[in-house]
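Engineer: Provide a 3D model corresponding to the input given below.
(chains A and B)
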Amino acid sequence: MKLTALTIDNFRQFYGRHRISFARTEDRNVTVVYGANGAGKTTLLNAFTWGFYKQFTPAFESPGHLVNERAWTEAGRNQQVTAKVVIEFEHEDRNYTLERLTTYKKGAADEAVLVRDADVYLSYIDEDGQQKTISNPNDAVNQILPDRLHSFFFFDGERIERLVKPDAYAEIEDGIKTVLGLEIIERSIRHVSGAIKKLEAELKAVGSLEIQKILSDLSDLEARQLAKNQEFKKTEANRDALREEIEKVDAKLRTLEQAKRFQDKRDSLEAQYQGNQQHIHRMRGELGHVVSQKGYLAFTESPAHAALDALNALRQKGEIPTPIKRQFVEDLLEKGQCICGMPLVPGEPHYLAVAGWRDKAGSADLEEAWTRLSAHAEEFLRTRVDFYQELHQKRNELVRLRTEQTRLSEEISEVSKQLVRAESEEVRQLELRRDQLKKDLDATNQQIWSLNRDLTEVADEIKKKEKERDAAKAENEKAQRAQRRVHVATEVRDTFRQILEIRTSDVRVQLDERLKAIYSKISYKPYVPSLTEQFRLELAKVLNSQDEIVAKSSGENQILSLAFVGGIADLARQRYQESKARPGGIFSFQGGIYPIVMDSPFGTLDENYRTQVAQAIPILAPQVIVFLSKSQGLGAVQSELAPRTGQQYIISYHTPKKDAGEEDITLGGRNYPYIKHSGNEFEWAVVTEV
Amino acid sequence: MVDTKKKIEQLINEAQPETRKIIGEIFALEKDKLYMSVAHGIVEDIVQKIKDIVQ
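Structural biologist: Sure thing, here's the model as predicted:
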């Protein structure tokens, strides 16, 4: 998908009709639109989200007022005024035009009467050059760029850092699943579960009393699972809110003179604590792995010694190595001649004498087996020593880490005490509040842990009950058939669940790799980002072979989020290319090549980061549209973007405030009005191409 | 990625023939209705497919 043009008509502060064409060649893929704060940059971003999805970004104020005020005032009674957005784009070699509009009619008492409420039309030009209208535009747009992904491609740069906040984890997980086309599996699981319920109802109607009882129990268990799940989600939301609150308190403490030093120290200590915690988690995993792979060695000492003792006993008796092999005796008897040349005739004394050796001779196979066994026994005893050494080493490391954690906890607690004793009342109150929040957070975490355990237990019980249901004796053919249908449907659901798990984990790993690659191109700090198994975006600093989680600044959060968006775009693009190469896969969403539209991506970044981000922007996606203010976009940013910029526009803002200073913006050696007096009571904006 | 595809293929191949067939039918049904905000009647359609296959 590539955006061709955006036309806005009496939409918010844009008076009249304005058209913006977008750069879309490979070497010049960036369009920059400059505008003062409040001039209409966020409105342009929302023209896309409203046009495509009838949605607005969180920063968009008063979304109910879409019609331009001046156009409305100038309209006479009974006249209609329309706010309209037209987006032209190309997708899969087709040119589409999407139009969304809201119309109001001015009534007899100047009241606004809604005539058309965000009506949408989508059409394309077919191979014969004919314009065709698509009957269900919302579904078609969703198929081209799914709604669940749009916030990653049309975003407010100043708020993009919210992606690293706890309440965004679900959004990230959803986005990832959509990129990989996992929605279809999620929906399948949901729908098959519904089908199982219906089939179970049919089984209950024809099944035995035993089956009916099992199905009732199953139903109760599922109700319990549902309730626990709801409680779990609610508790998770609580935990996220508490974390957010603590972060806010910490941010405030960092700004206060008396608290800053302590808060910085706490940030560092807590980062170390978290890093250690991850290390402990890893170490436990490694320990588990060692025990599961080599744990049997703990029980090998006695059998290994027994085997070696038995072998030694055989050696002492002279049975091993055997003086003569049984096969050798067999060969002589078969050949009918002894090694001394004497003929061996069955029944004759010479034959019987040689045959007598057969019982005394040892088997070559047996001897070989004994040799192998003794080698294994010795190997077991050797590796057993290594195993114990490894075990002790890891356990000692765990003890060291736990001791370190205790020390860090004490230091963190000491920092808190200092803050509670601070002279400033504000600092004291903030710290007391933080302390309470922390206690609540600990209790919530405990609750989550116990809910998790309950959920695992219920899931196990359900599995057990399902097995009982499938194994119960069905008395007649009808019941047997109904039972088999339920069983097969359950198998289908479980297969879908496994597929979902495998794919989700796979895409997380892929995205994590991309995130690291893009982040390293943007940031100049020695941090490594990661997308955790819980879909959290984290930043770590590598210290002495051990990662330390970093307390992120706003700028780092922004860069991390930007790198994540770049990663999503890249993954969607790869998925698209793969699905083109191998059409007809089971996963319906085929990915896509998407533009990125960003409002103020340099918001809170310092000069260094601005330059780095400006360098990274053109590579984030095949087409990038950036809305910038003069202060964000000129200078180093402009120089970095210039080689890749194909189109530039200026939003000239007309203000009714007579005392506001007028400003120009100089681009390409020419001056353009940036802020201008409107000369009347209206404020409005116009777009000019540079 | 290759491993993942193999794992999923293996998972589907190891399933009972009836299960495999139903998975295919469900995917076809879901593909038709994926972009609809509400997939009307899909549960009933799935029940019918299961009944058709598991006689």
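Engineer: use CA for all of it now, contacts and neighbours both
Structural biologist: Fine.
Engineer: Now do the helices in the stretch 551-690 of chain A.
Structural biologist: Here the stretch 551-690 of chain A has its helices, by DSSP state H, counting those that start in this stretch, at A:554-581, A:607-620, A:630-633, A:636-641.
Engineer: contacts for the last one?
Structural biologist: Outside helix A:636-641, the residues within contact range by CA atoms under 8 Å, 6 or more residues apart in numbering or on different chains are A:30, A:610-611, A:614-615, A:617-618.
Engineer: between these, which has the most around it?
Structural biologist: Taking other CA atoms under 10 Å in any protein chain shown as the neighbour criterion, residue A:30 ranks highest of these with 31 neighbours.
Engineer: Tell me how far that one lies from residue A:121.
Structural biologist: 28 Å (CA to CA, to the nearest Å).
Engineer: what does residue A:435 give?
Structural biologist: Distance from residue A:435 to residue A:121, by CA to CA: 54 Å.
Engineer: same deal with residue A:396?
Structural biologist: For residue A:396, the distance to residue A:121 (CA to CA) stands at 68 Å.
Engineer: Next secondary structure after whatever helix or strand residue A:419 lives in?
Structural biologist: Here residue A:419 sits within helix A:364-420, counting by DSSP states H and E. Moving toward the C-terminus from helix A:364-420, the first helix or strand encountered (DSSP H and E) is helix A:425-471.
Engineer: What average pLDDT does that following helix get?
Structural biologist: Helix A:425-471 shows a mean pLDDT of 95.
Engineer: chain center to the helix or strand that it is followed by: distance?
Structural biologist: As assigned by DSSP H and E, the chain's next helix or strand after helix A:425-471 is helix A:477-522. Distance of helix A:477-522 from the chain centroid (CA atoms, centre = their mean, to the nearest Å) equals 15 Å.
Engineer: again, but for stretch A:2-21
Structural biologist: 34 Å.
Engineer: Could you state which residue of chain B sits nearest its centroid?
Structural biologist: Geometric centre of chain B, nearest residue: residue B:23, 2.4 Å, by CA atoms, centre = their mean.
Engineer: check contacts around that one.
Structural biologist: residue A:492.
Engineer: any idea of the mean pLDDT in the one helix or strand it maps to?
Structural biologist: Taking DSSP H and E as the criterion, the element that holds residue B:23 is helix B:17-33. Helix B:17-33 shows a mean pLDDT of 85.
Engineer: Give me the angle between it and helix A:477-522.
Structural biologist: Going by axes from the mean of the first three to the mean of the last three CA atoms, to 10 degrees, helix B:17-33 is angled at 60 degrees with respect to helix A:477-522.
Engineer: Residue A:126: how many residues sit nearby?
Structural biologist: Neighbour tally, residue A:126, other CA under 10 Å: 13.
Engineer: Quick check: residues of chain B near chain A?
Structural biologist: Near chain A, the residues belonging to chain B are B:1, B:4, B:7-8, B:11-12, B:18-20, B:22-23, B:26-27, B:30-31, B:34-37, B:42-44, B:46-47, B:50-51, B:54-55 when assessed by CA under 8 Å from any CA of the partner chain.
Engineer: Over to residue A:32. Which of the three states is it?
Structural biologist: With DSSP: H, G, I helix; E, B strand; the rest coil as the basis, residue A:32 sits in strand.
Engineer: Which strand residues bridge it?
Structural biologist: residue A:626, residue A:648 (DSSP bridges).
Engineer: Do I have it right that it meets residue A:645?
Structural biologist: Yes. Residue A:32 lies in contact with residue A:645 (CA atoms under 8 Å); the separation is 7.1 Å.
Engineer: Contacts only, for residue A:7.
Structural biologist: A:17-20, A:85-87.
Engineer: From those residues, pick the one nearest residue A:624.
Structural biologist: Ranked by distance to residue A:624 (CA to CA), the contacts of residue A:7 are led by residue A:20 at 13.7 Å.
Engineer: what about stretch A:241-256, distance to the chain center?
Structural biologist: 25 Å.
Engineer: any idea how far residue A:55 is from residue A:234?
Structural biologist: 26 Å.
Engineer: cool, residue A:42 as well?
Structural biologist: 13 Å.
Engineer: Those two: which is more packed in?
Structural biologist: Between residue A:42 and residue A:55, counted using other CA under 10 Å, the more crowded position is residue A:42 (22 against 16).
Engineer: List the contacts of that one.
Structural biologist: By CA under 8 Å, 6+ apart, the neighbours of residue A:42 are A:59-60, A:156, A:599.
Engineer: about what we covered before: next, the angle helix A:425-471 makes with the helix holding residue A:419.
Structural biologist: Computed by the same axes, to 10 degrees, the angle between helix A:364-420 and helix A:425-471 is 150 degrees.
Engineer: Return the distance of helix A:364-420 from the chain's centre.
Structural biologist: The answer for helix A:364-420 is 33 Å, by CA atoms, centre = their mean.
Engineer: In CSV, list the C-alpha atoms belonging to stretch A:25-41.
Structural biologist: Once non-C-alpha atoms are left out, stretch A:25-41 reads as follows in CSV (Å, rounded to 0.1, in the frame of the first residue of the first chain):
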residue,chain,number,x,y,z
THR,A,25,9.6,6.6,-5.1
GLU,A,26,12.3,4.3,-3.7
ASP,A,27,15.0,7.0,-3.5
ARG,A,28,12.7,9.8,-2.4
ASN,A,29,10.2,8.2,-0.1
VAL,A,30,9.8,11.0,2.5
THR,A,31,7.1,13.7,2.6
VAL,A,32,7.6,16.4,5.2
VAL,A,33,4.7,18.7,6.2
TYR,A,34,5.8,21.7,8.4
GLY,A,35,3.3,23.4,10.7
ALA,A,36,3.2,25.4,13.9
ASN,A,37,1.8,23.9,17.1
GLY,A,38,-2.0,23.9,16.7
ALA,A,39,-1.8,24.6,13.0
GLY,A,40,-3.2,21.3,12.0
LYS,A,41,-0.5,18.6,12.0
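Engineer: Would you mark the buried spots in it?
Structural biologist: Of the residues in stretch A:25-41, A:28-36, A:39-41 count as buried by neighbour count, 16 or more other CA atoms under 10 Å in any protein chain shown.
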